[in-house]
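Peer 1: sequence first, then the predicted structure, then my questions.
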Amino acid sequence: MEELNTNQTTQTPQNAPLGDQTPKIMAAIAYFIFFVPLLTEFKNNSFVKFHVKQGLILFLTSLILWVLITVLASILGPLALSRLLYPLETMILAAMKN
């Protein structure tokens, strides 16, 4: 009589081919593209969810900082440029008077 192998398991997120490394990989991906792990079977994993939330906060913070820096640069940029060009302007005007 044949003996049945009872040690066979199905592949779930916990025993996938990469073992316990897959949630770590999904957590790392969450910092670069935060929504990708939500599209996988690891979307209910608390470890992955934690890193997805942190990736989202990182994305939103960088977006807000980018907007603030862009607005400040567009307001303060011409002022800074005029202060840099003032000595050159005075030299040109002085040379034109002579």
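Peer 2: Yep, it's here. Residues are numbered from 1 along each chain as shown.
Peer 1: burial of residue 42, as a residue count?
Peer 2: The number of residues packed near residue 42 is 21, by other C-beta atoms under 10 Å. The way it works is simple: take the backbone N, C-alpha and C, and place the C-beta from them, glycine included.
Peer 1: could you do residue 37 as well?
Peer 2: Neighbour tally, residue 37, other C-beta under 10 Å: 23.
Peer 1: assign it to helix, strand or coil.
Peer 2: The three-state label given to residue 37 by DSSP: H, G, I helix; E, B strand; the rest coil is helix.
Peer 1: residue 44 is in contact with that one, correct?
Peer 2: No: the pair formed by residue 37 and residue 44 falls short of the contact definition of C-beta atoms under 8 Å, at 10.6 Å.
Peer 1: low pLDDT regions in the chain?
Peer 2: 1-19, 81 (pLDDT under 70).
Peer 1: tell me which other helices or strands the top helix by length along the chain touches.
Peer 2: The residue-count maximum for a helix in the chain (DSSP state H) belongs to helix 46-97. Other helices and strands packing on helix 46-97, by 3 or more C-beta pairs under 8 Å, 6 or more residues apart in numbering; DSSP states H and E, are helix 21-30.
Peer 1: can you list contacts of the helix it packs on?
Peer 2: Contacts to helix 21-30, defined as C-beta atoms under 8 Å, 6 or more residues apart in numbering, come from residues 13, 16, 18, 36-37, 40, 42, 45, 47-48, 50-52, 54-55.
Peer 1: from the chain's centroid, how far away is it?
Peer 2: Helix 21-30 sits 14 Å away from the centroid of its parent chain (C-alpha atoms, centre = their mean, to the nearest Å).
Peer 1: list buried residues within the contacts of helix 21-30.
Peer 2: Buried members of the contacts of helix 21-30, counted by 16 or more other C-beta atoms under 10 Å: 13, 37, 42, 45, 48, 51-52, 55.
Peer 1: picking that back up, which of the contacts of helix 21-30 sit farthest apart?
Peer 2: Pairwise distances across the contacts of helix 21-30 (C-beta to C-beta) peak at 22.9 Å, for the pair 16 and 54.
Peer 1: nearest to residue 97 among the buried ones among the contacts of helix 21-30?
Peer 2: residue 55 (61.1 Å).
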